[in-house]
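Peer 1: Whatever this is, show me its structure:
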Amino acid sequence: MVTGGVRIDRVVTSGEFRLDGGSWTVDNNVWLVGDDTGVIVIDAAHNAEAILAGIGGRQVAAIVCTHGHNDHINAAVELREATGAPIWLHPGDRMLWDAEHSVPPDHDIVDGGRFEIEDVVLQVLHTPGHSPGSVCLFAPQLNAVFTGDTLFAGGPGATGRSYSDFYTIVDSIRYRLLTLPTETVVHTGHGDTTTIGSERPDLPTWIERGH
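Peer 2: Numbering: from 1, shown residues only. Below you'll find the model as predicted:
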C-alpha cells in the first residue's frame, strides 16, 4: 500500500531458526516501510545483502526487531554496519539477542513508542506471548500492522518453546490486535498477509485448539 510517497515493500529471505536445541529452515518476511529516499527495516533476517538490495541505496532510519528470535535478528548487526542505522529491540527479549550476537542493540523499544517515516507513524504495541518482548507495529496511515510472529494468517504464533506462553499471546492478540480496524492488513513475519477482519472471528477456535 502507498500513502503519499511512503510504500511497503517485502524482501523474503531464507535461513535457519534455532531454539531449544532444534533448528528449522524458514523463509522470513523482511518489511521495508519508506519512500524513495528513506526507509525503516522491520526484522533484518538471514541475508543482509538481499535486504540492502531491497533498500536500494535509501537512507535507513531504523532497524526494528519485532522480537529476538535468531531468524528475525541474525542479519541486524551486519545491516547496521552497512547502513549506520540503529537497532531497536524490546528489552524483554535481550536474552534471545545475546544468544545470537556479542554486541548489543542500540535502543530499547517501549510500548507506545513511535517510529516515523515522512508522514507515516508506526505505533509500538507490546504483544508478549511468542516471546516476552514481542511487539507489533501499527501504521494507521497505511492501514497496516506488522505482527512479526505474534499473529499469522490462521492463528497465533508458536508458543511451545522457551520464553513463550499460549494464554499470554491470546490476550495480546485479543486486546492489542483484534481491536484494530477490521480492514487493517496484517503483514506477518512468515507467510502470507491477512486482515484483522479475516482473523477476528476465529479467536474462539484458536482458544479451543490451544497451542
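Peer 1: May I ask you to confirm that residue 96 is in contact with residue 134?
Peer 2: No: the criterion here is Cβ atoms under 8 Å, and residue 96 misses it with residue 134 at 10.3 Å. C-betas here are computed from N, CA, C, even on glycine.
Peer 1: Name all residues that sit in contact with those two at the same time.
Peer 2: residue 67 (Cβ atoms under 8 Å, 6 or more residues apart in numbering).
Peer 1: out of those two, which sits in the busier spot?
Peer 2: residue 134 (31 against 23; other Cβ atoms under 10 Å).
Peer 1: quick one: contacts for that one?
Peer 2: So residue 134 contacts 66-67, 90, 92-93, 126-128, 148-150, 157, 169, 172 (Cβ under 8 Å, 6+ apart).
Peer 1: Can you flag the buried ones in those?
Peer 2: By neighbour count, with 16 or more other Cβ atoms under 10 Å, the contacts of residue 134 hold 66-67, 90, 92-93, 126-128, 148-150, 157, 169, 172 as buried.
Peer 1: and these, which of them are in helices?
Peer 2: In this view, those that belong to helices under DSSP state H are 169, 172.
Peer 1: List the ones among the buried ones among the contacts of residue 134 that fall in strands.
Peer 2: 126, 148 (DSSP state E).
Peer 1: Out of the buried ones among the contacts of residue 134, the closest to residue 209 would be?
Peer 2: Proximity of the buried ones among the contacts of residue 134 to residue 209 (Cβ to Cβ) peaks at residue 169, which lies at 12.8 Å.
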